[in-house]
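[1] sequence-free structure coming up:
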């Protein structure tokens, strides 16, 4: 019989209460809808990384608080007020093992930024102050599935082949984005203002990051549900005889 792929989904540390982890329900449902089995990964010690990646068939890095700028050699911008050293360390360790084992990875929002940082890249710490005439990337009053701005996708990218489109509208809840690209990464999508909205690692089986939140469309997955489907399909289920 076919065993569905196990997909690890990173949870965050609640910035308002250190006694809790946080993870939105729609990440879990999106993996289930794509045929995967979601496994929630709470930030923990680095000793667990190898054993986790031995068991997982794919990995999703989720949204959340900012990555501390010391991870890419910079001092914090005044707007960088909420970070998590524990989560930064945990996800960087997971990615190091994922890259080594060629585990498929999808980074979403902060997760896309973490992909870039893990490969030696840097971030725009605050889009509003760094990008004149920027698009509406971070309106916290906007509904989760409301479209915020347009993105243009490189027709030669893996992202374009998955979505079968080269431009569309996306939702948006981020004030940071990739700046200097990490080793081997290429830009797959840009916002109208030039902000990087998608990255991927062509040398890997499947390593992709997007700045928008495809999981928010789990109830209408016609377009963005394909990202989760592609992640799950990147490693086929193990067949038990």
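    Arrived safely. As the structure is a prediction and not an experimental result, all values here were calculated from the model.

[2] For residue 200, give me its contacts.
    The contact partners of residue 200, taken as C-beta atoms under 8 Å, 6 or more residues apart in numbering, are 157-159, 185-186, 188, 207-209. C-beta coordinates here come from the backbone N, C-alpha and C atoms, glycine included.

[3] Show only the entries of the residues you listed found in strands.
    Among these, the members found in strands (DSSP state E) are 186, 188, 207-209.

[4] And those residues, which of them are buried?
    188, 207-209 (16 or more other C-beta atoms under 10 Å).

[5] between those residues, which is nearest residue 35?
    residue 208 (17.9 Å; C-beta to C-beta).

[6] The closest one reaches residue 106, doesn't it?
    Yes - with contacts counted by C-beta atoms under 8 Å, residue 208 reaches residue 106, the gap being 5.6 Å.

[7] Please enumerate the shared neighbours of these two.
    Each of 227, 231 lies in contact with both residue 208 and residue 106 under the rule C-beta under 8 Å, 6+ apart.

[8] thinking again about what came up before, and the ones in strands among the contacts of residue 200 as JSON lines, adding pLDDT and distance to residue 86?
    Below are the ones in strands among the contacts of residue 200 laid out as JSON lines (pLDDT from 0 to 100; distance: C-beta to C-beta, whole Å):
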{"residue": "186", "pLDDT": "98", "distance to residue 86": "30"}
{"residue": "188", "pLDDT": "98", "distance to residue 86": "30"}
{"residue": "207", "pLDDT": "98", "distance to residue 86": "23"}
{"residue": "208", "pLDDT": "98", "distance to residue 86": "25"}
{"residue": "209", "pLDDT": "98", "distance to residue 86": "21"}
